[in-house]
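Enquirer: The sequence and its predicted three-dimensional model are supplied below.
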Amino acid sequence: MSTAQVQQIETSFLKDFAALTKVRLAVSVLFSSIAGYILGAEVLDVLRLVILSVGGYCMVGASNAFNQVIEKDLDKLMFRTQDRPVPAGRISVNSALTIAIILTIVGLVCLYYLSPKACMFGAVSIFCYVSLYTPLKTKTPLAVFVGAIPGAIPFMLGWVAATNEFGIEPGTLFMIQFFWQFPHFWAIGWFLYEDYERGGFFMLPTGKKDATTAKQIIIYTVWTILCSLIPVFGKTGDLKITVFSGVLVLLLGLWMLYKAVILFKERTSEAAKKLMLVSVLYISALQIIYVVDKIITQWI
């Protein structure tokens with residue numbers, strides 16, 4: 001076998017590995033974990049951040065690999081998933097399971113090195129995602145509520161990894177990302193409704209793109225905004241943000257709420273897609289604002 005052929009195989013495997021572990025999703029999760037770590041740490045330790053990044057990626061990658069093995073037949077039915085490496089046959093079920101198991105072990109070891117409590121939450125995240133959320137997706141819209149639990153863990157996981165403590169601070173971070181996921185994923189479920197329907201997934205709270213679903217999106221957007229502003233009032237222990245940062249977070253939240261109201265009025269896939277994009281910007285910007293606020297406050 002020539003060098004060029006070997007390189008081609010390696011490149012192909014790396015692409016499939018990235019698809020199997022959903023690298024873009026994993027990176028966004030890592031962003032949340034790192035933000036949580038910076039918020040909780042008294043002194044930044046680059047080595048611990050690297051270990052958190054490796055452990056966090058492994059945990060997310062393992063969850064996604066297990067998920068693709070379980071849903072391989074359903075993934076074949078949907079346009080957006082049928083070219084994933086397992087349903088497409090580029091990675092066998094046994095190989096995907098092996099990768100998922102290795103990632104789980106490496107991820108848990110990394111998190112345990114940082115904090116036993118972080119390791120526990122990492123294990124809970126994988127269990128909820130794989131054993132509860134994944135099978136429930138084809139049975140009930142309540143799957144989104146279950147899936148919001150592992151989805152909300154990364155932000156607080158970073159804090160726990162930095163402090164080995166679980167209290168009101170990581171609890172608040174969890175709550176912010178927990179409520180945020182409903183408008184985010186319901187927006188995705190709205191504009192991908194037909195594709196999810198082909199796979200037999202129930203992603204919207206009423207099972208339909210109707211007024212009730214749109215109203216619930218608005219309600220959970222409001223809850224997200226309120227939870228995000230709690231640290232302004234100094235009632236969340238060491239997790240605090242200034243009034244100026246609170247105003248920025250509020251403005252971002254009102255932008256997201258505006259998009260949710262537009263979805264209620266128009267009830268179109270385009271409006272849902274715009275809400276999804278704004279929701280991603282919201283949670284990313286919020287985490288940046290929280291981190292920058294802490295850094296500036298410490299300097300002052």
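Expert: Yep, it's here.
Enquirer: Quick one: low-confidence residue ranges for the stretch 1-150 of the chain.
Expert: 1-11 (pLDDT under 70).
Enquirer: what about 50?
Expert: Residue ranges of the stretch 1-150 of the chain with pLDDT under 50: 5-6.
Enquirer: now the helices for the chain?
Expert: Ranges of helices within the chain are 3-20, 23-40, 46-70, 72-75, 93-114, 116-127, 134-136, 143-163, 168-191, 193-199, 211-229, 243-266, 269-299, based on DSSP state H.
Enquirer: just checking, what packs against the last one?
Expert: So that's helix 269-299. Judged by 3 or more CB pairs under 8 Å, 6 or more residues apart in numbering; DSSP states H and E, helix 269-299 is in contact with helix 23-40, helix 168-191, helix 211-229, helix 243-266. (Each C-beta comes from the backbone N, C-alpha and C, glycine too.)
Enquirer: Could you report the distance from the nearest residue to L142 once chain neighbours are set aside to P183?
Expert: Excluding the flanking residues, the one nearest L142 by CB to CB, 6 or more residues apart in numbering is L136, at 6.7 Å. Distance, L136 to P183, by CB to CB, to the nearest Å: 20 Å.
Enquirer: Name the residue in these two with the higher neighbour count.
Expert: Legend: neighbour count by other CB atoms under 10 Å for L136 and P183, higher for P183 (29 against 18).
Enquirer: can I get the CA coordinates of stretch 83-92 in CSV?
Expert: Taking Å, rounded to 0.1, in the frame of the first residue of the first chain, the C-alpha atoms of stretch 83-92 are listed here in CSV:
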residue,chain,number,x,y,z
ASP,A,83,-24.7,9.6,5.8
ARG,A,84,-23.4,9.2,9.3
PRO,A,85,-20.6,6.6,9.5
VAL,A,86,-22.6,3.8,11.2
PRO,A,87,-25.8,3.8,9.2
ALA,A,88,-23.7,4.4,6.0
GLY,A,89,-21.6,1.3,6.9
ARG,A,90,-18.3,3.1,6.9
ILE,A,91,-17.8,2.2,10.6
SER,A,92,-19.2,-1.2,11.9
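Enquirer: What score does Q298 have for pLDDT?
Expert: Model confidence at Q298, given as pLDDT, is 83.
Enquirer: and the gap between C110 and L30?
Expert: Distance check for C110 against L30: by CB to CB, it reads 12 Å.
Enquirer: ok, for the residue nearest the centre of the chain, nearest residue in space, not its chain neighbours?
Expert: By CA atoms, centre = their mean, the mean C-alpha position of the chain lies nearest to G151, the distance being 4.5 Å. Using CB to CB, 6+ apart and skipping residues adjacent in sequence, the residue nearest G151 is Q181, 5.0 Å away.
Enquirer: same deal with E169?
Expert: Closest residue to E169 apart from its sequence neighbours, by CB to CB, 6+ apart: L239 at 4.0 Å.
Enquirer: Dihedrals phi and psi, that neighbour?
Expert: phi -90, psi 110 (degrees, to the nearest 10).
Enquirer: would you turn the helices and strands packed on helix 269-299 into CSV with distance to R84?
Expert: Shown next, in CSV, are the helices and strands packed on helix 269-299 (distance: least, CB to CB, whole Å):
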stretch, distance to R84
helix 23-40, 13
helix 168-191, 17
helix 211-229, 27
helix 243-266, 28
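Enquirer: Need the winner for burial among those helices.
Expert: Each of the helices and strands packed on helix 269-299 was scored by mean neighbour count; the highest is helix 168-191, a mean of 23, by mean count of other CB atoms under 10 Å.
Enquirer: same for that helix, what does it pack against?
Expert: The contact analysis (3+ CB pairs under 8 Å, 6+ apart) places helix 168-191 against helix 23-40, helix 143-163, helix 211-229, helix 243-266, helix 269-299.
Enquirer: Who are the packing partners of the third one?
Expert: Helices and strands touching helix 211-229, by 3+ CB pairs under 8 Å, 6+ apart, are helix 168-191, helix 243-266, helix 269-299.
Enquirer: now these as TSV including distance to V46?
Expert: Listed next are these as TSV, based on distance: least, CB to CB, whole Å:
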stretch	distance to V46
helix 168-191	22
helix 243-266	26
helix 269-299	16
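Enquirer: Many thanks, have a good one.
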